[in-house]
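A.B. asks: Next input, structure requested:
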Amino acid sequence: MKEKGKFLQGHIVIIILLMFVFSFLCWKQFFENIDTMVFTAHENEALSKTEIFDEYIDTVDSAWYDQVFEKKNLNALHSMYVYYTLKEIPSEQVVAGKDDWLFYVEKSDGDSIADYEGTKRYPEEEMKEFLYTTLVNQIQMEEKGIQTAILVAPNKENVYPDYMADFYVHNPVSNTDLLVEYLQNNGVRILSSKENMLELASEYELYYPYDSHWNQLGAYVAVGSILQSFHIATEKLENRQILSYPLKGNYHEGAWSDLAHLGGLNYIFDDEMEYEVEGTVQIDWNQYAVTQFNKEVWHYSNADAKLSQSLFLIGDSFRTAMIPALCELYQEVYVIHRTDYMPQMLEEIQPDYVIVEYVERYANQMKEFCL
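C.D. replies: The predicted structure is shown next:
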């Protein structure tokens, strides 16, 4: 009983400490905006000093309520407690790996764990469905004089299995690996960047530790891999200068520590780094986000590009980090999310090249997508 009492006392102390930490974070956010609130109060000169003070106190009370008692912040407090006491994340979508790496394990949004463990292999009849759709797309594009290729972005845990939680059993040959090999053997121009990324994974951080996506370094390697299928040579990553800066404060589509936010631990996991390959194009991410939100094709022109041709990138959220490298190489680059793509876009753009990108957990969608 004495040991149980000590255990409960220890947990109570942790809860109190976490409440103080979280309260500090909430008040810090409030006081960062205090000047604006006081200025707003003084804008109305008709108010007396007492009324200004009362309005100020009401603002404090409102900010405290909004920050502490919102559901998301209570969930964050709970997540912090569970993580610090049990080193676990109270989420069905996110699992804590080693060295504070986080991984996406949601089975209803593509089953990345099935790929990681090599279960749920595609049956032969389904493989034929993949082959029919992808080969028809390729033939139709060739008839239009458009060179087309499919790029598979590997799931994060298949590039960094050493950081994955031990209770998942890794199979080095994933379901998607077998699919890619089958399609390649039957004439489809498809490539997974997994092999090239595994060669560099120990030397470079190719994925964000707190996000499900690859970063610009990982995307740069993948762009080099897929362009090889077009017989276009690119400079190796090890020969390029790499710039880095904190991701926090610079969040953008495809790079916002999504796993930390999903797990309610973005107050803890907030030291992620962003990397850029010097010489690639710096993108206006806000303008890009607006066009993609409106389901419009994003377009960039680079008169100094190495290639005078145009490229149309159609993909999921992993497409975003590929853009800086592609804009360095191609004179005209067009981008759209795969779910927002319509065939008339192809007719309007008439690109020289098309890359259709799928993250590994969405590879199943390959048999349904028609250009």
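A.B. asks: Leaving aside the residues adjacent along the chain, what's closest to Trp256?
C.D. replies: Asp211 (7.0 Å; CB to CB, 6 or more residues apart in numbering). Just so you know, the C-beta spots here come from the backbone N, C-alpha and C atoms, and that holds for glycine as well.
A.B. asks: tell me the contacts of that neighbour?
C.D. replies: Going by CB atoms under 8 Å, 6 or more residues apart in numbering, Asp211 touches Leu102, Ala255, Trp256, Ser257, Asp258, Leu259, Ala260, Glu272.
A.B. asks: now, which of those lie within helices?
C.D. replies: Asp258, Leu259, Ala260 (DSSP state H).
A.B. asks: For the second one, give its distance to Lys248.
C.D. replies: According to CB to CB, to the nearest Å, Leu259 and Lys248 sit 14 Å apart.
A.B. asks: hmm, back to that, out of the ones in helices among the contacts of Asp211, give me the one that has the most neighbours.
C.D. replies: Leu259 (28 neighbours; other CB atoms under 10 Å).
A.B. asks: That one contacts Leu102, doesn't it?
C.D. replies: Yes: in this structure, Leu259 is within contact of Leu102 by CB atoms under 8 Å, at 3.9 Å.
A.B. asks: Overlap of the contact sets of these two?
C.D. replies: Val94, Tyr210, Asp211.
A.B. asks: mind putting those in JSON lines, secondary structure included?
C.D. replies: Output for those, formatted as JSON lines (DSSP: H, G, I helix; E, B strand; the rest coil):
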{"residue": "Val94", "secondary structure": "strand"}
{"residue": "Tyr210", "secondary structure": "coil"}
{"residue": "Asp211", "secondary structure": "coil"}
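A.B. asks: and which of those residues is nearest Glu195?
C.D. replies: Comparing those against Glu195 with CB to CB places Asp211 closest, at 22.6 Å.
A.B. asks: picking up where we left off before, any chance of the shared contacts of Leu259 and Leu102 in JSON lines, with distance to Gln147 and pLDDT too?
C.D. replies: Conversion of those to JSON lines gives the following (distance: CB to CB, whole Å; pLDDT from 0 to 100):
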{"residue": "Val94", "distance to Gln147": "39", "pLDDT": "94"}
{"residue": "Tyr210", "distance to Gln147": "36", "pLDDT": "97"}
{"residue": "Asp211", "distance to Gln147": "31", "pLDDT": "97"}
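A.B. asks: Closest one to Gln184 out of those residues, please.
C.D. replies: Each of the shared contacts of Leu259 and Leu102 was scored against Gln184 by CB to CB, and Asp211 proved nearest at 29.5 Å.
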